[in-house]
Structures are given as structure tokens and as C-alpha cells.
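S.K.: Using only what follows, build the 3D model:
(chains A and B)
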Amino acid sequence: MLTLYGKDFTSRLLLGTAQYPSPESLKQAVEASGAEIVTVSLRRESARSRTGQGFWALIEELGRKVLPNTAGCRTAKEAIATAHMARELFGTGWIKLEVIANDDTLQPDLFGLVEAAAALSAEGFDVLPYTTEDLSAAERLIAAGCTVLMPWAAPIGSARGLINKDALKTLRAYFPDTPLIIDAGLGTPSHAAEAMEMGYDAVLLNTAVAKAGDPAKMAAAFARAVEAGGRHAVLQDRSRVLIGLGIGPALLELDPFYPIVPDTKWLARLLPHGIRLVQLRIKDQSDSVIRVEIDKAVALCAAHGCELVVNDYWRAAIDAGAGFVHLGQEDLAAADLSAIRAAGVRIGVSTHSFEELDRALATGPDYVALGPIYATTLKAMPFPPQGLPRLAEWRARVACPLVAIGGITLHRAPLVLAAGADSVAVITDIVTSQHPEARVENWIEATAPWRSLSTGGPQD
Amino acid sequence: VKILLNGETFATDAATLDELCARLGFAEAKIATAVNGSFVAALSRGATPLADADEIEIVAPRQGG
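M.R.: As a prediction, this is how the structure comes out:
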């Protein structure tokens, strides 16, 4: 989720509206990009051609959030007047603030920019300043009231990509909590992916899309690159600084919705509804039944593109080729972890206390589960509910993905994810539901905001 | 009066900015205005008289990045 001045967006690609070969190709590119924010400018309107009137009709038709810019302004005064005109014209206090120092490179005049940003922020504008990668300018802009920055990658339209990576990484590392949007200079989808991998929050594109042979196809390619790069930086809130310093780990991603089922009958029932991650937790069965069930589960999950986690039975999981095993604390002590790893099977571990967490982390797990978050009736639990503050403590200690489990209902899920869980494990809320399939679909929908970056959701 | 309209010399007998916009066919148009470098809100155009050499900007939405 990208939050800019209190407004949430799913897409991390912003699109400019200039230089397209035709209005139709602009429309198609916006659609293909998935952009929720489009930039526009203000220009002198001629009484004869009335060009802007037709353009406005097109923009209204697109139905996207409009971000007006102050392109062409050379001084703070001009930019401030343009921002006022834009606010009246577009009915928004959002302004992409540009004060341009050099007509060839469109290099920002950082001094005029800071001056205009301070004046406009004081008047209540939501200022998104087009700046360079300069650290002190960023500090001044934030001090002036900007809560979003738009540093350039390279001169506008140059298609050179991130020409000053060290400075961009430093910027990212210094301002881990400020949304940073790369604006200007990206030429290829890989540039966009690279910016996202560095932990940048979004990119703004224009020339690279508009001037492509097929703008819509290029827009779609950029959208995928942004998503791919964003996946890498999925734990950005925590790993951003590390990524900024160039030591970011390759991170595992879990779908935010993690149902747990007792057998493959349930699995077959739920898989068609779009689950991406599931645990098979078989209880009280003979070894042969267990093996048959796990084999079947692996095949079913593979057919539906779902990640399977096998609870407890790590030998059978290895033999069946499951992606994950989930181990409780006792299983953890007994299991041959190196055999599991050698087989390429990932390991998730349950934890209920700090001692258990220490033990789990010492084994280098692929994910850690904390429970019970809320009171649960399912298991006789020696542990009282952990609550969300405890979950946040776990979050601070756990670098790998964190799964929350125990008493989590559909309505509690967003709270749990917002508290720092990467994924929510669910049993009761699904299997005791009167309409489990519909419930699963509700869950997928409710957790969608956390899926957009982490696992992307269904592809076309 | 002789004004500078969007950077070009323009003679008009409109007394106010509002009148000027109406004569240019912009009465209902999606435009914004500035006089001598300062924004003039739509509601203030009627109370904004025109004088010789005023620099009038009339802008509208346009493609931008």
C-alpha cells in the first residue's frame, strides 16, 4: 500500500500524460499501467483552439487521481501562482512542485523549490516536490512540510536510469519513513525494477512510455517491473535501511492469507477459490494415510499454484517434495533440520514465548509464527493471548516473515497485518464457517492490500 | 485597454477579467487565471479591473509529466 498525504494507493506507478501519439494511446497506456495517479500540467489556453478543454474531458474520462505539476515555472513565485491556479482548476491541494533551473536538463532549482514548498505547505497544499537526489535538499523539503519527495533518477526524458545510485540509496536510508517516488530519467522497465529494489516507494514515468513504439505494452511492462522490484523490497519498512546500505537480504514472501486445513478434502474444496498458501495439518492418522494425503496435497497445490506447508511430518514432506514444513517447538528439537534444508524444503517454526523465539531464531527459520494472538478455543493452550503489542515486539526481533495465528477472524485480520504480521494463519474462521468457500474469498479480498506487493495476486 | 494576454499584445474593451474571459468564450470553460503574476480566483474575476499593460494569464489543463 502506497500512502501519500493520507490517501492509499495500490499501484506504485504514476504516469505522466505528455507526448503520447494520440489521446487514444494515452488512454490505453493509463489502463495498461494500472496507474491510479496521472500527472497533468497547466498551459496557456488559446481562445481559438481551446486545446485544454478537450484534454480535460479525456482526463475526466480516465477517472484517476490527478496530480497537477508546475512545469515550466522558473521561480518560486511562478510556481506558487501556478499551484493556486491548479488547486482551483483541479479541485485538489496536491501539487507536483517543479521549479526549473535549466531548460535543457530540467534540473530543479533546489533553492526556489524549497522556498515554494515552504510557502505552499504553510497554505495547506500537499506538496510533492520534484527534486534531485541531494540529501540536504531533501532535509530542507521535509522541514518545509513535504511528506513525500520525488527525486529524479536522471535528467527528464534522458532514459539513463539511476545515474547516482549511491546518493539515491543514501536518501532512502536517511528517510525510511518518507514515501520516495523516483521521478524522471527512467528509460526501461529494469530501471524501474531497480528503483523499487532499492526500496523506493513508487516511480513516475512519462517519456519512456509515451515515446515507446507501443505505449500500452510498454506501460504494462513497466507495471510488471515495478511490481517485481517491489516484491524484492517487500519488507521495506524494516529492511529499507539495510537495502539502502546495500546489504539487503533476498527475502521470502508469504501470502498474507494462510489457511490451515486438516485434510486434502478441505484442500480440494478451498484451492479453486484462489488461496496461495496453505498448511496441511493432519492429526491422528496412520503413517500410510499421512503419506498418501501429503502426496495428494503436493499435487493439488501444484495444480493450483499454491504454496504447501506440511505440518509436523517433515520426512513425508521431503519425500513428497513439499515447499515447506511447519514445526512446533518439540518437532523442532527432534527434526533433522539439515536434512530438511538439503532437500530444499523451507522451515516455519511456531513460537509462543521469548525463549521459544530465541530457540527458533537460532535455527535460522524461513518464517516464524507467533500465537495465539487472540484467545482460541481450538487448542488447549498453555499460553495466554499474546495480543498485538507482543506481535509488534516479535516484528522488531524477526527479520524473516512473521505469521500470526490464533483466534484471528476476518475482521481482525487487517489489524494483525497492520501490526506487523506478514501473513495470518486461520483455521476456525474458515472450517467452522457455514460457507467456507465464500469465507475464503472474503479473506482473500480483505488481505488484498497486503498482497499487492508481497505476492502480487493472480496474473493474467 | 491594451493588455498582454498569454504573452501577446491584446486590445480589448472588457472592463474586468471576468468580462475578458466571457468575450474569449471561456465563461463556462475549464480555465484558471492570473494577473501580473498572481492567481485570481474565478469568483474574484468580476472584481478585477483591467488596466493597460496588465499581464493576463489564462491557463487550462494540458498534457504533463
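
S.K.: Can you name the helix or strand that residue A:43 falls in?
M.R.: In the assignment (DSSP states H and E), residue A:43 maps to strand A:37-44.

S.K.: The next helix or strand after that strand and chain B in contact?
M.R.: Of the helices and strands lying after strand A:37-44 in sequence (DSSP H and E), the nearest is helix A:51-62. Yes. Contact of helix A:51-62 with chain B (CB under 8 Å from any CB of the partner chain) involves A:51, A:52, A:53, A:55, A:56, A:59. C-beta: built from backbone N, CA, C; applies to glycine.

S.K.: Select from those residues the one having the most neighbours.
M.R.: For those, the largest number of neighbours (other CB atoms under 10 Å in any protein chain shown) sits with residue A:52, at 26 neighbours.

S.K.: Look up the closest residue to that one, ignoring the ones flanking it.
M.R.: Leaving aside its sequence neighbours, residue A:52 sits nearest to residue B:60 (CB to CB, 6 or more residues apart in numbering or on different chains; 2.5 Å).

S.K.: so that neighbour sits right up against residue B:21, yeah?
M.R.: No. Contact criterion CB atoms under 8 Å: residue B:60 and residue B:21 do not qualify, at 11.5 Å.

S.K.: Between those two, which contacts overlap?
M.R.: Taking CB atoms under 8 Å, 6 or more residues apart in numbering or on different chains as the contact rule, residue B:60 and residue B:21 both touch B:29, B:31.

S.K.: how many other residues sit next to whichever residue of the stretch 151-300 of chain A sits closest to chain B?
M.R.: Minimum separation of the stretch 151-300 of chain A from chain B (CB to the nearest CB) falls at residue A:206, amounting to 3.5 Å. Residue A:206 has 25 neighbours, counted by other CB under 10 Å.

S.K.: Same check on residue A:414?
M.R.: Neighbour tally, residue A:414, other CB under 10 Å: 15.

S.K.: Quick one: the strands in chain B, in order.
M.R.: Along chain B, counting by DSSP state E, strands occupy B:2-5, B:8-11, B:32-35, B:38-40, B:55-63.

S.K.: Any chance of these in CSV with mean pLDDT as columns?
M.R.: As requested, the strands of chain B are exported to CSV (pLDDT from 0 to 100):
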stretch, mean pLDDT
strand B:2-5, 96
strand B:8-11, 96
strand B:32-35, 97
strand B:38-40, 97
strand B:55-63, 97
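
S.K.: Mean neighbour count added to these, as a markdown table?
M.R.: Converted to a markdown table, the strands of chain B look like this (neighbours: other CB atoms under 10 Å in any protein chain shown):
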| stretch | mean neighbour count |
| --- | --- |
| strand B:2-5 | 17 |
| strand B:8-11 | 11 |
| strand B:32-35 | 22 |
| strand B:38-40 | 18 |
| strand B:55-63 | 22 |
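
S.K.: Find the nearest non-adjacent residue to residue 64, please.
M.R.: Using chain A. That would be residue A:38: by CB to CB, 6+ apart, it lies 4.6 Å from residue A:64.

S.K.: if you could check chain B rather than the one you did, that'd help
M.R.: Per CB to CB, 6+ apart, closest to residue B:64 is residue A:41, 2.7 Å.

S.K.: again, but for residue A:206
M.R.: Closest residue to residue A:206 apart from its sequence neighbours, by CB to CB, 6+ apart: residue A:16 at 2.8 Å.

S.K.: How many residues are close by the one you found?
M.R.: 30.

S.K.: Could you tell me which residues make contact with the nearest residue to residue A:153 once chain neighbours are set aside?
M.R.: Excluding its sequence neighbours, the residue lying closest to residue A:153 (CB to CB, 6+ apart) is residue A:185, at 3.8 Å. Going by CB under 8 Å, 6+ apart, residue A:185 touches A:152, A:153, A:154, A:155, A:156, A:157, A:158, A:159, A:160, A:161, A:162, A:163.

S.K.: separation between residue A:185 and residue A:100?
M.R.: Residue A:185 sits at a distance of 15 Å from residue A:100 (criterion: CB to CB, to the nearest Å).

S.K.: And residue A:338, by the same measure?
M.R.: Computed as CB to CB, the residue A:338 to residue A:100 distance reads 60 Å.

S.K.: At the contact with chain A, which residues of chain B appear?
M.R.: Chain B comes close to chain A at residues B:6-7, B:24-26, B:29-34, B:37-39, B:41-42, B:57-65, as judged by CB under 8 Å from any CB.

S.K.: does any part of the helix or strand harbouring residue A:129 sit near chain B?
M.R.: Following DSSP H and E, one finds residue A:129 within strand A:126-131. No. Strand A:126-131 stays clear of chain B (CB under 8 Å from any CB), getting no nearer than 9.7 Å.

S.K.: before we move on, the earlier item: quick one: the residue nearest to residue B:64 and residue A:71 touch, right?
M.R.: Yes. Here residue A:41 reaches residue A:71: they are 4.5 Å apart, a contact under CB under 8 Å.

S.K.: anything in contact with each of those two?
M.R.: B:64, B:65.

S.K.: Give me the below-cutoff pLDDT ranges for the stretch 201-350 of chain A.
M.R.: Scanning the stretch 201-350 of chain A with the threshold set as pLDDT under 70 gives A:232-251.

S.K.: Would you map the strands across it?
M.R.: With strands called from DSSP state E, counting those that start in this stretch, the stretch 201-350 of chain A shows them at A:202-205, A:257-261, A:277-280, A:307-311, A:324-327, A:346-351.

S.K.: In JSON lines, list these along with distance to residue A:296 and mean neighbour count.
M.R.: JSON lines is the format used below for those (distance: least, CB to CB, whole Å; neighbours: other CB atoms under 10 Å in any protein chain shown):
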{"stretch": "strand A:202-205", "distance to residue A:296": "43", "mean neighbour count": "27"}
{"stretch": "strand A:257-261", "distance to residue A:296": "12", "mean neighbour count": "25"}
{"stretch": "strand A:277-280", "distance to residue A:296": "9", "mean neighbour count": "25"}
{"stretch": "strand A:307-311", "distance to residue A:296": "11", "mean neighbour count": "24"}
{"stretch": "strand A:324-327", "distance to residue A:296": "17", "mean neighbour count": "26"}
{"stretch": "strand A:346-351", "distance to residue A:296": "20", "mean neighbour count": "24"}
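
S.K.: before we move on, back to that, please check the contacts of residue A:185 and keep the buried ones.
M.R.: A:152, A:153, A:154, A:155, A:156, A:157, A:158, A:159, A:161, A:162 (16 or more other CB atoms under 10 Å in any protein chain shown).
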